[in-house]
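*Asks:* This is a predicted model, with the sequence first.
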Amino acid sequence: MYRQDVADRELDVVVFGATGVTGRRVAAYLSERAAEIGLRWAAAARDADRARRLLDGIGVGAPEMIVADVSDRASLARMAARTKVVLDLVGPYTLYGRPVIEACVAQGAHYVDLTGEMPFVRGIIEDLHGAAVDAGVKVVQVCGFEALPPDLLVALAAERAREQWRDGLVAADVAVAFAPPPGLPRPSDGMSGGTFQSLSTVAGDEHAAQIADPAVLITDPAVAAAVRRVSPIGLAPRRGADGAVIAPMTPAPFINPAVIHRTIARRAAAEGTPAEPLRYREGMAIEGGAASAPVRWAIAGALSATQVGLRGLARARPSVRRPIAGALARVGPSSGFGPAPERLEGWRWTMTVHARTSGGREFDVGLEADGHPGYLATARMLGEAGILLAEDGATPHVAGCLTPAVALGTASAPRFARAGVRFHTGVRDAVASGAR
Ligand SMILES: NC(=O)c1ccc[n+]([C@@H]2O[C@H](COP(=O)([O-])OP(=O)(O)OC[C@H]3O[C@@H](n4cnc5c(N)ncnc54)[C@H](OP(=O)(O)O)[C@@H]3O)[C@@H](O)[C@H]2O)c1
């Protein structure tokens, strides 16, 4: 079942949390797209005057401001009832996400967020997948830099392997490379206060240890066991193609793998075939440039050690973990802190998937992108995902708690060019021996 009766909603997309570092950028993107395609959108926040001031300050005239607060369920119901899609930017999601999702499912609006808080996503799948299916609603989580690009790329690779050679994928190695804007890097370039608070919240979560589980989003125990066996999350630095050193994905290597494995499991379930987990690896390429090889290995080693420390914290006893998480939340940056506007545009980044098929074929798919990956490209991708979901027939007819690739479908990939993210599927083929 898939919801078709929302065509008469007065709004296509609402961005909730429009005052935040990321929410403001989503509003700016929707405003641009409204001028191009006549999108009907509104901004939602708990303080409408403040939201209007902040948006005016960045040149975004929101056509309408909706007052909504996560602690006021009636306000969430009113917001969700008016629109086809809610884009939720109110984090930490572990603290604030559930009532928004419940309101969307109850009111028949598709829901999209940027969470990377995997125990929260697992809980939502367990509790709300069935209700979302019954309501014909798409609940699409982890739909920003994590994990839309690698999720869509691996799905595109799987599609190509199937269509070209009738093969399955057995391995996918993802490498991302970033080129920041010129000038001295600033502390605010990397992570917003909202993201830092979300990480601290996960560290203090009852189920924090789940973050290191690549199968955390898979509810079938047999499939989950196979994923853990075939594709554990590795944190050691390794050598990549072209002499690059591959460090663990930043800011967190624990998010994308779980999403990609869920996509594979959901697709197999939809096709009625057994789920065949692939070996998924990802990381950040530290390329030559000015840095010598020992320096690159040292940087990768430091990044690995940080992630090993985070995983250790997540696995520690609550009596150890909670005070540390609380202290991090107090001393770290909070809401409102984030990259300066002039540091958002100049970023360039690429992502490549090196795929191997069951028949021994090897090929690459990839993307090239502009804009800060976490706070500009992410905002634009989220905005475009919302527009796609509001468009009748633009995405597959499927409902429930879905990954970006399952909710949006591989046919959506070219649409992200408008968001500055250009997917390509036919580069640098290397046909292995025994090719058919
Ligand atoms: N995976 C990714 O690629 C990615 C990228 C970027 C961000 N994120 C995630 O997205 C989330 C937002 O990040 P951010 O940096 O934009 O955070 P932020 O700047 O702290 O923004 C948080 C937003 O939530 C709103 N809010 C807080 N409490 C509320 C309530 N009770 N009712 C209504 N609104 C409320 C805030 O409104 P006020 O202004 O009224 O306080 C603000 O608009 C974080 O969880 C972050 O981890 C993920």
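*Replies:* Good, I have the coordinates.
*Asks:* helix, strand or coil for the closest residue to the ligand within the stretch 301-436 of the chain?
*Replies:* Closest to the ligand within the stretch 301-436 of the chain is residue 335: 3.1 Å, counting by Cβ to the nearest ligand atom. Yep, even glycine has a C-beta here, placed from its N, CA and C like the rest. Of the three states, residue 335 takes coil according to DSSP: H, G, I helix; E, B strand; the rest coil.
*Asks:* How many residues are close by it?
*Replies:* Using other Cβ atoms under 10 Å, residue 335 is surrounded by 16 other residues.
*Asks:* Please renumber the chain so that the first residue is 32 from this point on.
*Replies:* All right, first residue 32 from here; so that's residue 366.
*Asks:* isn't it right up against residue 51?
*Replies:* Yes - using Cβ atoms under 8 Å, residue 366 is in contact with residue 51, at 6.9 Å.
*Asks:* Now do the same contact list for residue 365.
*Replies:* Going by Cβ atoms under 8 Å, 6 or more residues apart in numbering, residue 365 touches 224, 227-228.
*Asks:* same thing but 7 Å
*Replies:* By Cβ atoms under 7 Å, 6 or more residues apart in numbering, the residues touching residue 365 are 224, 228.
*Asks:* Name the spans of the stretch 332-467 of the chain whose pLDDT lies under the cut-off.
*Replies:* Scanning the stretch 332-467 of the chain for pLDDT under 70 picks out 458-467.
*Asks:* all strands for it, in order.
*Replies:* 379-388, 393-401, 431-433, 452-461 (DSSP state E, counting those that start in this stretch).
*Asks:* Buried deepest among these, which one?
*Replies:* Highest mean neighbour count among the strands of the stretch 332-467 of the chain (mean count of other Cβ atoms under 10 Å): strand 431-433, with a mean of 27.
*Asks:* Would you confirm that residue 312 belongs to a strand?
*Replies:* Yes - secondary structure of residue 312 (three-state DSSP): part of a strand.
*Asks:* Mind listing the residues bridging to it?
*Replies:* Taking DSSP bridges as the rule, residue 312 bridges to residue 204.
*Asks:* Tell me, how many residues neighbour it?
*Replies:* 21.
*Asks:* That one contacts residue 204, correct?
*Replies:* Yes - at 4.9 Å, residue 312 counts as touching residue 204 under the criterion of Cβ atoms under 7 Å.
*Asks:* what helices or strands is the longest helix along the chain leaning on?
*Replies:* Taking DSSP state H as the criterion, the chain has its longest helix at helix 324-346. Secondary-structure packing of helix 324-346 (3 or more Cβ pairs under 7 Å, 6 or more residues apart in numbering; DSSP states H and E): strand 276-278, strand 310-317.
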